[in-house]
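# One predicted model, sequence on top.
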Amino acid sequence: MADQLAPRLDKEDLRLLIAEVLDVDVAEVTDDAHFVDDLEVDSLMALEITVRLEKEYGVRMQEEELESIRTMRSTYDLIERKLRETS
Amino acid sequence: MNLPAGMLATDAVVTGIGVVVPPGTPADPGRPWFDTRARLGPRGYKYLPAASRYLLAAAREAMADGGGLDLVPGERRAATFGTNSGSAAVLDGMDRTVADGHADDLSPAMAPFFAINVLGSRPCAEYEVKGFQLTLTSPRVAGLEAMEVGLRALSLGRCSSLLVAAMEDGPPGPASPVADGPALPEEGAVAMVFEPPAAAAARGGRWYGACRARTAFLPPHLAGTREGQDRLGRIVTDLLTGLGADRPLPVHVIADGSAVGETVAAVLTAHPRTGPITSRTAAGLGCLTPMVRLAGLLAARTGDRLIVTATAEGNLALARIFDPGRSPC
């Protein structure tokens, strides 16, 4: 899967955004670091990530999609798919 | 233990003090002075409002200073907080978010701070305060009122240790005039740990003194009238009785230049059970200044004192410091 989805989704920008929201070093947000198990994300912070993603990328998450926001990689895939659906 | 005149065995002693305020006075809103990473740690405070950060830093200082909670079960620990503007910046931000966009844009992580009681939740979680936590917001007197309410519960045996604190952050923007004159926003927090003197003595703790506080209300429209003077005379007498003030004590006044404040000062000056007004401090826009003054007098071990604050809104509070000596007899 391409790491670049022109022009709106950049993987490293997404990584920076998640690191900023979670108040962690960007190096901790590896592709497969589990938000809950590795980065101590609770339900409130999961909602915070969701709101920031919706605002940043102009997408609207459905409730059943929130479980995809569990790692950097799965989050990227979710945003990519949402952007593709709306384009 | 030999207790000073007016002090009861149920009066709690202050075993820890933490003061986190900007260096110098008056406050200069917007000037950075609190380094969250240096004061609290590198991570975990991003979604904590400024007032809560100040409170947490002050509470940590007070706890480290006192060091007496280890022997008290969490269910017997309590906290009472006072603030007037602790949530102002958060609520302003929420208003701005909704006005500029949509309620869906509100930060979920900050949303809990819509409730003012949540401002104090972090130190309560950190120190396992499971007894009760209460936040009071009466104009200018909320800090002393938190002390009054918390100490009443402690004296009645509803808890075994008490964290009392005042915190402020703002209000944001330039200083705004209140009813009878300008006052400056306040930033920072003051925290004090209270314990029964017997418990503190049993663990070999030392203390700064004991405190008691009482609050009252004078309708502002009565300030300056004969009726107001008479009513205030009775109120002050009741408050002094509640404080066990049976002899003239030096008085420290924190007032805002309002008619209420001046009337209270005049009544105190003429009252047979109060001593001279030894200092006057300008009140800020919150409840922090009286608590800073109280903490300073306790730390300086100035002995028996009265602290008085009265404001344009009609709220007034008196607090008394007892000096029971540093070590038990």
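Nice, I can see it. Residues are numbered from 1 along each chain as shown, chains lettered A, B, ... in the order given.
# need the residues of chain A near chain B, please.
Contacts of chain A with chain B, taken as Cβ under 8 Å from any Cβ of the partner chain, map to A:D23, A:V24, A:L44, A:M45, A:L47, A:E48, A:T50, A:V51, A:E54, A:K55. For the C-beta atoms, the positions are set from N, CA and C on the backbone; glycine is no exception.
# ok, so of those, who is nearest A:T30?
Of all the residues of chain A next to chain B, A:V24 has the smallest distance to A:T30: 11.0 Å, by Cβ to Cβ.
# name the element the closest residue to the closest one other than its chain neighbours belongs to?
What sits nearest to A:V24 in space, not counting adjacent residues and going by Cβ to Cβ, 6 or more residues apart in numbering or on different chains, is A:L39, at 6.0 Å. A:L39 belongs to no helix or strand when assigned by DSSP states H and E.
# Now that A:L39 has come up, it's in contact with A:V29, right?
Yes - between A:L39 and A:V29 there is a contact under Cβ atoms under 8 Å: 7.3 Å.
# which neighbours do those two share?
By the contact definition Cβ atoms under 8 Å, 6 or more residues apart in numbering or on different chains, A:L39 and A:V29 are jointly contacted by A:L22.
# more neighbours, these two?
A:V29 (23 against 19; other Cβ atoms under 10 Å in any protein chain shown).
# Distance-wise, check the residue nearest to A:V24 relative to A:A19.
Going from A:L39 to A:A19 by Cβ to Cβ, to the nearest Å gives 9 Å.
# swap in A:M45?
In terms of Cβ to Cβ, A:M45 sits 12 Å off from A:A19.
# re the thing from before, find residues that contact each of A:L39 and A:A19.
By the contact definition Cβ under 8 Å, 6+ apart, A:L39 and A:A19 are jointly contacted by A:E28, A:V29.
# re the thing from before, next one: phi and psi at the residue nearest to A:V24?
phi -120, psi 10 (degrees, to the nearest 10).
# That one: what's it in contact with?
Counted by Cβ under 8 Å, 6+ apart, A:L39 has contacts A:L22, A:V24, A:E28, A:V29, A:A33.
# Go through those residues and flag which are in helices.
If you go by DSSP state H, the contacts of A:L39 have A:L22 in helices.
# filter the contacts of A:L39 to the buried ones?
Among the contacts of A:L39, those scoring as buried are A:L22, A:V24, A:V29, A:A33 (criterion: 16 or more other Cβ atoms under 10 Å in any protein chain shown).
# What ranges does chain A have for its strands?
With strands called from DSSP state E, chain A shows them at A:4-5, A:9-10.
# name the element the closest residue to B:G143 other than its chain neighbours belongs to?
Among residues not flanking B:G143 along the chain, B:A166 sits closest, at 3.1 Å (Cβ to Cβ, 6+ apart). Assessed by DSSP H and E, B:A166 sits inside strand B:161-170.
# And B:T281, by the same measure?
strand B:277-282.
# just checking, next helix/strand downstream of that strand?
As assigned by DSSP H and E, the chain's next helix or strand after strand B:277-282 is helix B:288-299.
# For that following helix, give me every contacting residue.
For helix B:288-299, contacts defined as Cβ under 8 Å, 6+ apart pick out B:14, B:17, B:19, B:21, B:82, B:140-141, B:143-144, B:165-168, B:186-190, B:192, B:208-209, B:211, B:252, B:254, B:281-283, B:305, B:307, B:309, B:317, B:319, B:321.
# Restricted to strands, list those.
Per DSSP E, these map to strands at B:14, B:17, B:19, B:82, B:165-168, B:186-190, B:192, B:209, B:211, B:252, B:254, B:281-282, B:305, B:307, B:309, B:317, B:319, B:321.
# out of the residues you listed, which are buried?
B:14, B:17, B:19, B:82, B:165-168, B:186-190, B:192, B:209, B:211, B:252, B:254, B:281-282, B:305, B:307, B:309, B:317, B:319, B:321.
# Max pairwise distance over the residues of chain A next to chain B: which two?
Farthest pair in the residues of chain A next to chain B (Cβ to Cβ) is A:V24 and A:E54. Separation: 20.7 Å.
# that older thread, with the contacts of A:L39 in mind, which one is nearest to chain B?
Of all the contacts of A:L39, the one with the least separation from chain B (Cβ to the nearest Cβ) is A:V24, at 6.8 Å.
# and the gap between the most centrally placed residue in chain A and A:E20?
In chain A, the C-alpha nearest the mean C-alpha coordinate belongs to A:T75, at 3.9 Å (Cα atoms, centre = their mean). A:T75 sits 14 Å away from A:E20 when distances are taken as Cβ to Cβ.
# quick one: strands adjacent to the strand holding B:A166?
Looking at strand B:161-170 with DSSP bridges, its partner strands are strand B:77-82 (parallel), strand B:186-195 (antiparallel).
# can you list the ones you listed in CSV and add mean pLDDT and distance to A:E65?
Shown next, in CSV, are the strands paired with strand B:161-170 (pLDDT from 0 to 100; distance: least, Cβ to Cβ, whole Å):
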stretch, mean pLDDT, distance to A:E65
strand B:77-82, 98, 40
strand B:186-195, 96, 41
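# Make TSV from those and add distance to B:G233 to it.
Shown next, in TSV, are the strands paired with strand B:161-170 (distance: least, Cβ to Cβ, whole Å):
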stretch	distance to B:G233
strand B:77-82	27
strand B:186-195	30
